[in-house]
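> no sequence on this one, just coordinates:
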């Protein structure tokens, strides 16, 4: 394909074994991928990436994302370990995760997610300045650290930090302090022009930064198959799943899907997965994701030209069979191979 973006793949909780994940990562690197990413769904974000690093020695490798439910000290140690074993090709991608996951799974309640994320990033960067001889403190509203010191000296340079962002506060924070931003997987060109770029610029202005200081990455659900209808069917689960999360209102409402999202949320409250999938309309598939034949998928990206630098392709999940995930990963790599 004509190379308009750097491209990569996000491996998530998508029914691949770890060995299969590594094999597809190797294939993607051979096909010209610029970056490979892992997330905290089904597995932690760091261990699979370390397995990929053992086999892939050219691509950038990033967490897409690790959540701020982790203690900052554990995140900084894991990040520096990854930076070391990847010869500084590692990107520390951080995100908040849905509030219900934080509260129900991590006993973490956060009233001001952007504030906690700012403190989390500041604390980690300050930890990277510590040494066996010099400790650091950090006293924030959410993050409090006393007498932290790295037991071993820094083995390499600290990795860049990218933030996952959907809403305005996190976009502005990304513009102000992050090395990159990862836009979540349901998005439209208007979302970039009307919400993403203005809020990134607003954040940059607060700290005297310029657009060249931050890499804009976009996750995109990608369901590709020679059989068009099969590809579109596979795209329904992520649209149904993520339409339940209120922070996607930033994307869904301006795109005209308020009625559809409310119906999907009502079906979710009934725990009726089949109904949720049926409520995903053809217009939602056309507007929010990349789904169709290889040619169709490539053409669907045309309206996004110039809006971001790095395309991160995401195999549909949940509720897909393992073979469907395998087929889709292979098709993504073939479709976007240089």
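All right, it came through fine. Note that the structure is predicted; figures quoted are calculated from it, not measured. Residues are numbered from 1 along each chain as shown.
> show me where this protein dips below the pLDDT cut-off.
Scanning the chain for pLDDT under 70 picks out 1-3, 13-14.
> from the centre of it, point out the most distant residue.
Within the chain, residue 133 marks the point farthest from the mean C-alpha position, 36.1 Å out by Cα atoms, centre = their mean.
> who touches that residue in this structure?
Residues in contact with residue 133 (Cβ atoms under 8 Å, 6 or more residues apart in numbering) are residue 149. Every residue, glycine included, has its C-beta placed from N, CA and C.
> hang on, it in a helix?
No. Counting by DSSP: H, G, I helix; E, B strand; the rest coil, residue 133 is not part of a helix but coil.
> please name the nearest non-neighbouring residue to the residue positioned nearest the centre of the chain.
The centre of the chain sits closest to residue 64, judged by Cα atoms, centre = their mean, with a distance of 3.9 Å. Nearest non-adjacent residue to residue 64, counting by Cβ to Cβ, 6 or more residues apart in numbering: residue 37, 3.3 Å away.
> so the one you found touches residue 63, yeah?
Yes. In this structure, residue 37 is within contact of residue 63 by Cβ atoms under 8 Å, at 6.9 Å.
> now for those two: what residues contact both?
Common contact partners of residue 37 and residue 63 (Cβ under 8 Å, 6+ apart): 49, 93.
> so who does residue 192 touch?
Contacts here follow Cβ under 8 Å, 6+ apart; on that basis residue 192 touches 183, 218, 304, 307, 308.
> relative to residue 190, how far out is the third one?
So that's residue 304. 11 Å (Cβ to Cβ, to the nearest Å).
> which of those two has more neighbours?
Higher neighbour count among residue 304 and residue 190: residue 304, with 18 against 14, using other Cβ atoms under 10 Å.
> how close does the more buried one sit to residue 60?
In terms of Cβ to Cβ, residue 304 sits 21 Å off from residue 60.
> how about the residue lying closest to residue 184 once chain neighbours are set aside, what does it touch?
Excluding the flanking residues, the one nearest residue 184 by Cβ to Cβ, 6+ apart is residue 166, at 5.0 Å. Residue 166 sits next to 183, 184, 247, 248, 250, 251 when contact means Cβ under 8 Å, 6+ apart.
> go on, residue 66?
39, 40, 44, 45, 46, 75, 78, 92, 93, 94, 95.
> just the strands in the chain please.
Taking DSSP state E as the criterion, the chain carries its strands at 6-11, 35-38, 60-63, 66-67, 90-95, 136-139, 144-148, 161-165, 180-183, 215-224, 290-292, 310-314.
> output those in CSV; the columns should cover distance to residue 154.
Output for those, formatted as CSV (distance: least, Cβ to Cβ, whole Å):
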stretch, distance to residue 154
strand 6-11, 27
strand 35-38, 23
strand 60-63, 19
strand 66-67, 19
strand 90-95, 14
strand 136-139, 13
strand 144-148, 14
strand 161-165, 15
strand 180-183, 21
strand 215-224, 23
strand 290-292, 40
strand 310-314, 27
